[in-house]
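Undergrad: Could you work out the structure for the sequence below:
(chains A, B, C and D)
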Number of protein chains: 4
Amino acid sequence: MSNKIKVGVLGATGAVGQRFVHMLQGHPWFEITALCASDRSTSKRYADACKWNLRGDMPEALRDVVLQDCQPGIDCEIVFGGLPTEVAGPIEEAFAVAGYVVCSNSSNHRYDPDVPLMIPEVNPEHLQLIETQKRKRGWPGFIICNPNCTTTHLVSALHPLHVRFGLKKVFVVTMQAVSGAGYPGVSSMDILDNVVPYIGGEEAKVEQKEPHKLLGVLDGDGVRYADFVVSAHCNRVPVRNAHLEAISVEFATQPTEEEVLNAWRYYDPLPQQLKLPSAPQPAILYDERPDRPQPRLDRLKGTVPGMATVIGRLRPDPLFHWKFLSLGHNTIRGAAGGSILNAELLVAQGYLGERASALAAVREFA
Amino acid sequence: MSNKIKVGVLGATGAVGQRFVHMLQGHPWFEITALCASDRSTSKRYADACKWNLRGDMPEALRDVVLQDCQPGIDCEIVFGGLPTEVAGPIEEAFAVAGYVVCSNSSNHRYDPDVPLMIPEVNPEHLQLIETQKRKRGWPGFIICNPNCTTTHLVSALHPLHVRFGLKKVFVVTMQAVSGAGYPGVSSMDILDNVVPYIGGEEAKVEQKEPHKLLGVLDGDGVRYADFVVSAHCNRVPVRNAHLEAISVEFATQPTEEEVLNAWRYYDPLPQQLKLPSAPQPAILYDERPDRPQPRLDRLKGTVPGMATVIGRLRPDPLFHWKFLSLGHNTIRGAAGGSILNAELLVAQGYLGERASALAAVREFA
Amino acid sequence: MSNKIKVGVLGATGAVGQRFVHMLQGHPWFEITALCASDRSTSKRYADACKWNLRGDMPEALRDVVLQDCQPGIDCEIVFGGLPTEVAGPIEEAFAVAGYVVCSNSSNHRYDPDVPLMIPEVNPEHLQLIETQKRKRGWPGFIICNPNCTTTHLVSALHPLHVRFGLKKVFVVTMQAVSGAGYPGVSSMDILDNVVPYIGGEEAKVEQKEPHKLLGVLDGDGVRYADFVVSAHCNRVPVRNAHLEAISVEFATQPTEEEVLNAWRYYDPLPQQLKLPSAPQPAILYDERPDRPQPRLDRLKGTVPGMATVIGRLRPDPLFHWKFLSLGHNTIRGAAGGSILNAELLVAQGYLGERASALAAVREFA
Amino acid sequence: MSNKIKVGVLGATGAVGQRFVHMLQGHPWFEITALCASDRSTSKRYADACKWNLRGDMPEALRDVVLQDCQPGIDCEIVFGGLPTEVAGPIEEAFAVAGYVVCSNSSNHRYDPDVPLMIPEVNPEHLQLIETQKRKRGWPGFIICNPNCTTTHLVSALHPLHVRFGLKKVFVVTMQAVSGAGYPGVSSMDILDNVVPYIGGEEAKVEQKEPHKLLGVLDGDGVRYADFVVSAHCNRVPVRNAHLEAISVEFATQPTEEEVLNAWRYYDPLPQQLKLPSAPQPAILYDERPDRPQPRLDRLKGTVPGMATVIGRLRPDPLFHWKFLSLGHNTIRGAAGGSILNAELLVAQGYLGERASALAAVREFA
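TA: From the prediction side, this is the model:
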């Protein structure tokens, strides 16, 4: 009998949900004990309700699992949230109220002052907000979030530079994969032989909120947002997976080329030191070839496929200090994989035991 | 018998050459009287030497035309240059030396101080450099150039703003079509399901030279380059035709949104006033829809397909004043069509009669 | 004041509906006087309810037209049906009951014995079924149908051969464009870098019903289906528009290559003789190049863009007599354009005057 | 010190050569000791001469290997041929003359009566031709070939059916990936939003030679070709990797659906019994879903990615007995992987020791 931590997946039939299922197969710490979906799928077998569209087949062991409703009562400690934003908010709260640890992938709670918005390499200390959250809300469980896929690979590239040189201005133009819109998502009629230069709400997320919270500092019961300005143009391109971002930056202190490269080269953040199972070693890869990174060639690069950020083309910028490219997988590190790494950090930092007790307590009175 | 002006096409079998041939069909002022190609094609029928890859068929009337060498002696007044940069330079000079009017599409002479680099809407007065060129070089003919396809639709969008508000800083990230690399150009192995974030030499052209010369002012025998800074990231995307550009700008004087829109709305430059046959009416189209312009949907928009610049998504930029998108056809306005419009401006401004005499003179002594 | 025939479009906001609107602009005989859509769009302006996704803009004159319900009462004589099969059946019947001429694009009535399934070049005499239909059903109006897009270009290519040599066996493998599935239709997640070798219901339509009815002969009150066997494999490929079909055929009498080519070359069916406005001249184009036809290059070939069938690569088949390729535009000739040509044939053959009287009669009693 | 068998790769910088290098990394039996390329690359480091375009990086250990000429003298026992057909013929012969074992991927020698054309699952007994070849030609080494990528996955699917039911007629229409044309191969200008229904020479290979030799029986010093008729239409589609084939077949004895499925299900040919390292277990995968196999989702399916043949959609054919789809990776099993599996079979069957002696003998006199 397994002594792995039991986890459930909310929205298991969707694009992000399938990634969760795929990545949790054979996970050394976690085991899937519940798959949840919307009403019209519950009580069906996972194999019947889910049109699997990842490479390879649906994990054999899960084909016969019967889908449950997205509500507390399922047998697990952690729930991974792969629900669409339209419905995720109250459902995730209900799970936290019921004592579950919720690793959310939706935007609903990302900007709540007492909810940690996490990239484990970037701001592991923000987990301390969990205490605040539980205290203020009186919940036995809690919610933590990972950022939007675009923010993830932007901030992952910037973090080692920010801590050394201080970000002032960030200009970013994205070329984003269709999988970022979920399934069915972007119509083939719209994207074949085309670029769609608009993704609803995306620019605001990147310009106004997520990078600043992620790179902010803990301050009492909240996060003091980092003070730099971002301008973003977001575009959809006919690429299956991985977002490519053209980035220009200005710092408080202008670094040399070597200093920038070294900041990435010697970057060794906490998840890598802790050797978390889903933490790529290293977290950042710099490719020296003049025409890299490229989505198709580099999206799975590194020790944990889809979890690293790949950078290239560092060169002086006539208007800012430096410009470069950042590339990362949007549905792995930018979604399901980000949540799983968050959960691994929770375990490594002892937040799970705590929750386990809380869950026990809740259950006694339930 | 036609009294149209006789024109020849250099590099008639290539991607740009085919566009010239296609666009010159039924032209009200010009008629093709010579098709030239590299050695291995000369003496062949055009239909045999040229793998036509534009929609529709090769013009029937040209199928049996025998290809000639790319050297003076061909029967025409204007030569349109569709040769690759590697060979175009000396060939185009030879034609000018022999008294022809050369409308070049290559980069070889674009930066020569006495060669007009032209977008007829933007800097028609630069044609005055022709006198300087002929005087200094002692040529009976002359060369004029159109800019690179990326520069064309960047500067076309910026020109009405520059004259009113004064450009200070321009940030541009391009998503460029594969046809910009000619035929066979970009391998399908490189671009399917991918973006290639590198186009050799392209960023330098946009950052350092072409926009500044185009928006510069005549000063004695040359052009005093306009004084603003450009930062460019250039990318190749899996799109057949049209370059999409994400642009952010800062001006000497910050305009209101309405002022920017009006600058485009009421833009009525010389080619449109002269009603040149290839001048779209209007030159700039602004699309108010939130997700436009898009390459596939908008690249042929306007009264002369492929000749207009389509702009959209004007919105405030947190780091600059305004940001927006510019889209234009790269092999029509950005290449062959740009050269043809240049030639039309030459005719309208009386530069052709002059050349006709010169040509006559040269021929007497040849 | 226009004396054109008034027409309405059912499902005007959808993919096929937009094609109808696009193709009816400037039509010499027809003018749009009503646009109808589903409940959630009615009472909205066409410009507000319809996400136009064809190249070029929505016709200016129709932007402010208010969408009406899909039910009789609209002011027109002909209704063009662009509704999805799920809802089209009863709606189209209601219009026929109310005295309208219905040119349907759906499959609902295609196989009714008394409903003409029409390709005007192929079986114009089948219009005689209209009398039967009206008599049997007691309707003042009537319904005629055009076949599925795949059938259309298969049968268009085969018809001139069938009448001369007698079809026995037809083997066809299709490579179909995404637009055949409507909008949003095929998810980009499914088709980028992929082929989907399945289109629900398509193979049955081609194998069992449509070609046999189209090539069948009138027999009393119905059509005696043509007697030949079809095998079809249907595939979806990442192409925007046009279906390409690889076809092998065996005949009752084996023709020579020249006889096959001549059958296509000298094909001059009724719509071309009548010079119907949407009839391409000629109906069939044969391309001799070894690698043609190709969807992107040839889908708009001919005098009426998108209405011709383009054939190529005729060569002996080791298992049958001959093999070749057929290509045609699926949303033009294969859908909206097919219906419009049907309507033109109705007018030319005098079916409209008749209906006009009927409509008048109905209205008197309404 | 390794006691693996030394192997060399001819044409190591090309598309097939890179696949060889990629697949031979960490191979349990083989180790790369020589990389050869054309004149213009020799003496360069592999990392400098080769534009690596597979996912992941060039193997670190080979980056500094200096490229050698494609001629005998290199230190290895087996040479894998990844050269273009234009040059491969005489070079491969020279290696066989010099005592090397040549596993060729080119078409030059495929149809020589004394050269085994091999799919190890299909015709392992054809290796006996090696004796004939060596005797007739007096060579100490020898050449064996793998078939064209299209033939490979056609014959792999047909073999278990042929041995049971006897093939009579095979109809196949292919939808082939761009990687089949090598690098740069197919221009993006030709294939974006398009299908090219022509691949030079491909149909003849499939119709007239390769399947018949592969499924033929040894007869004295040659192979008596199998007696069935093939008709093929070959098309290029915008897919990166994997060929999809729509197949219809007629047998000497008509099998039931269950008999066909069982023929695939219980297929257990020699390489799988021998557990050759590159032999997928099982060799054939049948996917029951109605819309499979699909190139992007299924090309790497099975225990050895890219080596299995994936079949689906078995259904009755109105003109033949059965129709179905076959899918396989064209540059893995259809090229480099096919050659490697051939070499593994040679080793397992004892053909290598023999060659080792021969090589020793040759070297004594050299």
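
Undergrad: What is the neighbour count of A:Phe30?
TA: Using other C-beta atoms under 10 Å in any protein chain shown, A:Phe30 has 23 other residues around it. Any C-beta I mention is one placed from the backbone N, CA and C, and that applies to glycine too.

Undergrad: Roughly how far does it sit from A:Cys70?
TA: To A:Cys70, A:Phe30 is 19 Å away according to C-beta to C-beta, to the nearest Å.

Undergrad: So what's the model's average confidence on stretch A:14-32?
TA: The predicted model assigns stretch A:14-32 a mean pLDDT of 95.

Undergrad: Quick check: buried residues in that stretch?
TA: By neighbour count on 16 or more other C-beta atoms under 10 Å in any protein chain shown, the buried set for stretch A:14-32 is A:14-24, A:27, A:29-32.

Undergrad: anything in that stretch near chain C?
TA: Yes: for stretch A:14-32, a contact with chain C is found by C-beta under 8 Å from any C-beta of the partner chain, at A:Ala15.

Undergrad: Any idea how far apart the tips of that stretch sit?
TA: Distance between the two ends of stretch A:14-32: 16 Å, counting by C-alpha to C-alpha, to the nearest Å.

Undergrad: Helices - which of the buried residues of stretch A:14-32 land there?
TA: Counting by DSSP state H, the buried residues of stretch A:14-32 place A:15-24 in helices.

Undergrad: Kindly reformat these as a markdown table containing distance to chain D.
TA: Listed next are those as a markdown table, based on distance: C-beta to the nearest C-beta, whole Å:
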| residue | distance to chain D |
| --- | --- |
| A:Ala15 | 14 |
| A:Val16 | 18 |
| A:Gly17 | 17 |
| A:Gln18 | 12 |
| A:Arg19 | 15 |
| A:Phe20 | 19 |
| A:Val21 | 16 |
| A:His22 | 13 |
| A:Met23 | 17 |
| A:Leu24 | 20 |
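
Undergrad: quick check, nearest of those to chain C?
TA: A:Ala15 (7.5 Å; C-beta to the nearest C-beta).

Undergrad: correct me, but that closest one touches C:Met189?
TA: Yes: at 7.5 Å, A:Ala15 counts as touching C:Met189 under the criterion of C-beta atoms under 8 Å.

Undergrad: can you list residues touching both of the two?
TA: Residues touching both A:Ala15 and C:Met189 by C-beta atoms under 8 Å, 6 or more residues apart in numbering or on different chains: A:53, A:179, A:183, A:185.

Undergrad: Need the three-state assignment for A:Gly73.
TA: Put simply, A:Gly73 is coil when judged by DSSP: H, G, I helix; E, B strand; the rest coil.

Undergrad: got it, and A:Gln133?
TA: Recorded secondary structure, A:Gln133: helix (three-state DSSP).

Undergrad: Identify the residue spatially nearest to it, adjacent ones excluded.
TA: Excluding the flanking residues, the one nearest A:Gln133 by C-beta to C-beta, 6 or more residues apart in numbering or on different chains is A:Asp114, at 4.1 Å.

Undergrad: Likewise for A:Ala252?
TA: Once flanking residues are discounted, A:Ala252 sits nearest to A:Gly166: 3.2 Å by C-beta to C-beta, 6+ apart.

Undergrad: Around that neighbour, count how many other residues there are.
TA: With other C-beta under 10 Å as criterion, A:Gly166 counts 15.

Undergrad: From chain D, how far out is it?
TA: Look at A:Gly166 and chain D: by C-beta to the nearest C-beta, to the nearest Å, they are 33 Å apart.

Undergrad: who touches A:Pro160 in this structure?
TA: Contact analysis of A:Pro160 by C-beta under 8 Å, 6+ apart lists A:263-264, A:267, A:284.
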